[in-house]
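Asks: generate coordinates for the sequence data below:
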Amino acid sequence: MAQIHPVADPLLAGDDHLPDTEKRLAASVDLDAMSTLQVLQLLTSQDRVAVEAVAAAAPQLALLVDTAAERLRRGGSVHYFGAGTSGRLAVLDAAELLPTFNLDRGVVVAHMAGGPEALATAIENVEDSREEGAHDAAALGPDDVAIGITASGNTPYVGGALAAASERGAYTALISCNPRATLATGVDLDVVLATGPEVITGSTRLKAGTAEKLALNGFSTTLMVALGRTWSNLMVSVVATNAKLRRRTIRILMQASGLTEAASVELLARTEGDLKVAIVAAVAPADPDPARRALAAADGSVRDALRLLSAASA
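Replies: Next up, the predicted model:
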C-alpha cells in the first residue's frame, strides 16, 4: 500500500506541493455564511471553469480519439481505470455506449477500484492499491488503450493499472485535473483539465468531476463518430430494445430519408429492424440485401456504404 505523507495546507504554511484540487478556493471561504442562492450561483460559476478546462484540452483529447480509433479498427479495446467519483463516471460512460451505439461488450471497458460494490457505496481505501490496478490491467495488449481518470493525478490504483498496461505494450493516457500529476511522467499522453480548487475544498465530485464527465463524453462520442456509429448527427446504431427506442428508430429513419411513418415502419420490417440497412436502402436507394452488403464492406459506416453504392451505379 502506498505511503501517505501529510502536507500542510498551503494557505497556512505556504506549501505548494498539494494538487490544485486540494487547495482552498478564495471565492468560497465564506461559503457557510452565503444565502442559498449565492451558493448555487457560486457552484454554477465554477462549473463554467470545468467547461473551459475541457475546451482547452481538446487537442489532447483529439489525439487520444485518433489513437483509440486506429487501435479499435485493428481489434483492440479501450479500458478506463478510476476510483471513487472518477471510477463511477468511467463506468457510466462505458455502460451507455452499448445501447446508444450498438457497441459490443469488451470494446470500451471500465475498471473501478473496489469493483461493483464501490459503485453504490464509497469505499475509500481501495484506491490505495497499486496491486489491484495492475491486476485489472493484466489482460491488456499492444492494440489496447488504457486511460486513467483521476482528479488528483496521483491515485495508486490508477498508477498500478497504467504501469501494468504500459509494460504490456498498451497505449496509456492520463486524464487528471492536476498540471503536476505524479502519474503523468509514465504515460504516453497527459490530458490536463485545469479546474483548480473546489468550492468545498477537496470535493472533486464538483467541478473536477464535471470536467471528467465532459471529457469522457467528448472522447467516447467522438470515437463513435470516427468509427462510423453515426450518420450526419443521427444515432443510427441505436439498439431498439424497448418501446421508446423502437419509436426512436422510426423517427430517425424518417429524419434521414424523408419517408412517411408508415413507409418507415414497413422498411424497418423488411430490414429486420436494422436501422442502418434501412437508411442506406432508403437514401441510396437500394434493396435491403445490396444495402447490407455495402455496409459490411464499409465497416458499418452509412456514409461510406452510400458512397460505395453510388460509385457502383455510376
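
Asks: list the buried ones in stretch 246-254?
Replies: Judged by neighbour count (16 or more other CB atoms under 10 Å), stretch 246-254 contains these buried residues: 249-250, 252-254. In short, each C-beta sits where N, CA and C put it, glycine included.

Asks: and what of stretch 60-72?
Replies: Buried residues in stretch 60-72, counted by 16+ other CB under 10 Å: 60-61, 64-65, 67-69, 71-72.

Asks: skipping adjacent residues, who's closest to residue 280 in space?
Replies: Distances taken as CB to CB, 6 or more residues apart in numbering place residue 291 nearest to residue 280, at 3.9 Å, with adjacent residues excluded.

Asks: now do the host helix or strand of the one you found: everything it contacts.
Replies: Using DSSP states H and E, residue 291 sits in helix 288-297. When contacts are defined by CB atoms under 8 Å, 6 or more residues apart in numbering, helix 288-297 is touched by residues 270-271, 274, 276-278, 280-281, 284, 286, 301-302, 305-306, 308-309.

Asks: now it: mean pLDDT?
Replies: Along helix 288-297, the predicted confidence averages to a pLDDT of 96.

Asks: which of the residues in it are buried?
Replies: Of the residues in helix 288-297, those buried by neighbour count under the rule 16+ other CB under 10 Å are 288, 290-295.

Asks: of all these, which comes closest to residue 145?
Replies: Nearest to residue 145 among these: residue 295, at 25.6 Å, using CB to CB.

Asks: look up how far residue 272 lies from that closest one.
Replies: 13 Å (CB to CB, to the nearest Å).

Asks: joint contacts of these two?
Replies: Common contact partners of residue 295 and residue 272 (CB under 8 Å, 6+ apart): none.

Asks: can you pull the contacts of the most centrally placed residue in the chain?
Replies: The structure's the chain has its C-alpha centroid closest to residue 216; by CA atoms, centre = their mean the separation is 2.8 Å. Shown here is residue 216, whose contacts under the criterion CB under 8 Å, 6+ apart are 80, 89-90, 93, 149, 175.
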